[in-house]
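K.L.:
give me a 3D structure for the following:
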Amino acid sequence: MTQVSKGLCTALFVLAGIVPGARVDAADVPPIAVPLQVLPWFNGVISNVGTDIACLSDPPITEIRVQGYAGFTLVPPNRTPAVGEVFYTHLVLSHPGNPCAGSAVGIELLLPAGVQTSASAADPAFCFARTPANPQRPFAQLINLGSDPGYGCPQVFPTGLEGLRITPPLGGLGGAWGMAAGFYLELLLPLRASTPQPGNTSIRFRVNPDIAVVGYPAVPLLVNNDVLFRAAFEDQQLTLDICTITPVANGC
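P.N.:
Got it, this is the predicted structure:
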């Protein structure tokens, strides 16, 4: 499973090479790597977004165009994030439908009052895609869109029709995210809450794969008001849900 390390920082501890009764200098003791803390996701339900007619089907076959869900990170083992600390939300989309031209998916983020995006050099947004096998490549492939010359991953989010626009900074497919049958997309966005969130409001995403076709994957948000002493985010890892799909994509 691919793990997105915050800052790619691994804590090292001096735990090996000690001889009882002997003097040991720190420089003489080999360090060992301690695994980073993996942040679990709390996910909402799957939302269907639009339908299409399967390409070249005769008689016509109607199918779901796009499916997706939203979620946010918990603090292990299952604690909610606290006011003032950075946590992540993600949107996971699949494209089970097979319209002949694919889809140019517009995406916006709709946040509850008291919650803001918090992208920075230390806590960036991440954007990944999973593309299916094809005749030239007989396996699924994970793509880091942040390093893709046609897409990139946005770190600023201007105002859109209903929320904050999540658009490829390098253009993408006409300012949208291109998807076709068998494609998956996962966007991970850093947030910070300034007020507690008791779960009566939700993080929502506006997903728009075609003209006048809109859906809203959502997850109820829980943020507590505790003051906690926790490890720095650099010692924690994010995981990609699209790397749990089988067969596992190359690059996961």
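
K.L.:
what's the closest non-adjacent residue to Thr73?
P.N.:
Leu39 (4.2 Å; C-beta to C-beta, 6 or more residues apart in numbering). Just so you know, the C-beta spots here come from the backbone N, C-alpha and C atoms, and that holds for glycine as well.

K.L.:
for the chain, what are the low-confidence residue spans?
P.N.:
1-36, 227-235 (pLDDT under 70).

K.L.:
hang on, Ala122 in a strand?
P.N.:
No. Counting by DSSP: H, G, I helix; E, B strand; the rest coil, Ala122 is located in no strand; its state is coil.

K.L.:
how far away is it from Val86?
P.N.:
Taking C-beta to C-beta, to the nearest Å as the measure, Ala122 falls 8 Å from Val86.

K.L.:
neighbour count: the two, which is higher?
P.N.:
Applying other C-beta atoms under 10 Å to Ala122 and Val86 shows that Val86 carries more neighbours, namely 18 against 13.

K.L.:
ok, what's across the strand from the more buried one?
P.N.:
Beta bridges link Val86 to Arg192 when assigned by DSSP bridges.

K.L.:
Ser118 is in contact with that one, correct?
P.N.:
Yes. With contact defined as C-beta atoms under 8 Å, Val86 reaches Ser118; the gap is 5.3 Å.

K.L.:
give me the common contacts of these two.
P.N.:
Taking C-beta atoms under 8 Å, 6 or more residues apart in numbering as the criterion, Val86 and Ser118 both touch 190-192.

K.L.:
neighbouring contacts of stretch 111-123?
P.N.:
By C-beta under 8 Å, 6+ apart, the surrounding residues in contact with stretch 111-123 are 6-7, 86, 109, 125, 155-157, 163-164, 189-195, 197, 201-203, 221, 223, 233-234.
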